[in-house]
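Participant: Predicted model and sequence follow; I will ask about them next.
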Amino acid sequence: MNRRLFFALFCLLAAPIMCGLFPGCRKNKSNLPPERARTGARAAYAHTREILSFGPRPTESAALKNTRAYITDQLEQIGWTVTPQPFTRRVVPLGKQLRFINLIARFGSATEDQIDGLLGAHIDSKFYPGRRFLGADDAASAVGVILELARQLRAEPGKASRIELVFFDGEEAFGQNISPSDGLYGSKHYAHHWRTATRKPSFGIILDMIGHKDLKIRYPSDTPSFLEDALLGAARETSSLDRFTRSLNPIMDDHIALNNAGIPTIDVIGDFSQFAWWHTEADNLRRISRDSLEITLAVTSKMLSALLRK
């Protein structure tokens, strides 16, 4: 081989290695922080991706157990105290009892008497034997957003101590659709305590299917008016009002049990009736948009600030 050609090839191949030894010579050096230290939509996306890495998470699955462990670890690292809430229910479509476990989180040593608002999402994915249904938007994305909101709230401990985070098991029905006798297991059990409480939170916010591309939210027609005002006010402030529409009908979701227990609650939920990918294997990580996560983060944060000022 020609000596000059050999030298030129050696320089070409060695340059990237030598440049790696001297960071100052990298023209395109990334300034991104480590994955776990990322903030905002990037953090919510990273949480969503991590949850999906465990696989489908129906009730009693190993993946759901791993999801609870992940949520607990992430929250405890930033000062939240997490308490599991186990219970059993007979699931009629399966003809057997299942063990469900909700997670409840409060900031630091906050007590029930301090809680003014609830923020929740479901952590299970629908049970589809033989299918790999991950439920990226339904509702891993909502969990990712709440974990990031919990991190942001840490900077305002007075506000954080007034919020209870709740992650529901068993939102999904084991039959085809949610009905009065199938689905919403976790929220019904959680709400039962509040029915007889002498002091109740003044509001609740449920997030569900809030990370999909081209975000479209259609909240239920029976939403309490002051929570609708808070949602639309926050959407207006963040220039995202066109993403939020009032449904013509009620919606069966986790907010129902809380409303029935005397806690006015809004369900910020994607317009699933218009999504061809709802409850299909296409509800995977490719469905999730960082822009949509950012919109939901901003709107929910502003809602919490407005509601906690009252």
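Facilitator: Received the coordinates, thanks.
Participant: Which stretches in the stretch 1-150 of the chain count as helices?
Facilitator: For the stretch 1-150 of the chain, the helices defined by DSSP state H, counting those that start in this stretch cover 3-21, 40-53, 62-77, 141-153.
Participant: for the third one, packing partners?
Facilitator: If contacts are counted by 3 or more CB pairs under 8 Å, 6 or more residues apart in numbering; DSSP states H and E, helix 62-77 sits against helix 40-53, strand 80-91, strand 96-107, helix 141-153, strand 163-168. C-beta coordinates here come from the backbone N, C-alpha and C atoms, glycine included.
Participant: Now with 6 Å, please.
Facilitator: strand 96-107 (3 or more CB pairs under 6 Å, 6 or more residues apart in numbering; DSSP states H and E).
Participant: tell me the mean pLDDT for the strand it packs on?
Facilitator: Regarding strand 96-107, the rounded mean pLDDT is 98.
Participant: Can you give the distance of that strand from its chain's centre?
Facilitator: Distance of strand 96-107 from the chain centroid (CA atoms, centre = their mean, to the nearest Å) equals 16 Å.
Participant: now stretch 271-285
Facilitator: That offset, for stretch 271-285, works out to 16 Å (CA atoms, centre = their mean).
Participant: Buried residues, it. List them.
Facilitator: Asp271, Phe272, Phe275, Trp277, Trp278, His279, Asp283, Asn284, Leu285 (16 or more other CB atoms under 10 Å).
Participant: export that stretch as PDB, just CAs?
Facilitator: Provided in PDB are the C-alpha atoms of stretch 271-285 (Å, rounded to 0.1, in the frame of the first residue of the first chain):
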ATOM      1  CA  ASP A 271     -60.800  11.000  23.100                       C
ATOM      2  CA  PHE A 272     -60.400   7.200  22.900                       C
ATOM      3  CA  SER A 273     -63.500   6.700  20.800                       C
ATOM      4  CA  GLN A 274     -61.700   8.400  17.900                       C
ATOM      5  CA  PHE A 275     -58.500   6.400  18.200                       C
ATOM      6  CA  ALA A 276     -58.200   3.300  15.900                       C
ATOM      7  CA  TRP A 277     -55.300   2.200  18.100                       C
ATOM      8  CA  TRP A 278     -57.200   2.200  21.400                       C
ATOM      9  CA  HIS A 279     -56.900  -1.200  23.100                       C
ATOM     10  CA  THR A 280     -54.700  -2.600  20.300                       C
ATOM     11  CA  GLU A 281     -51.000  -3.500  20.100                       C
ATOM     12  CA  ALA A 282     -50.500  -0.200  18.300                       C
ATOM     13  CA  ASP A 283     -50.700   1.600  21.700                       C
ATOM     14  CA  ASN A 284     -47.000   1.300  22.100                       C
ATOM     15  CA  LEU A 285     -44.100   3.800  22.600                       C
END
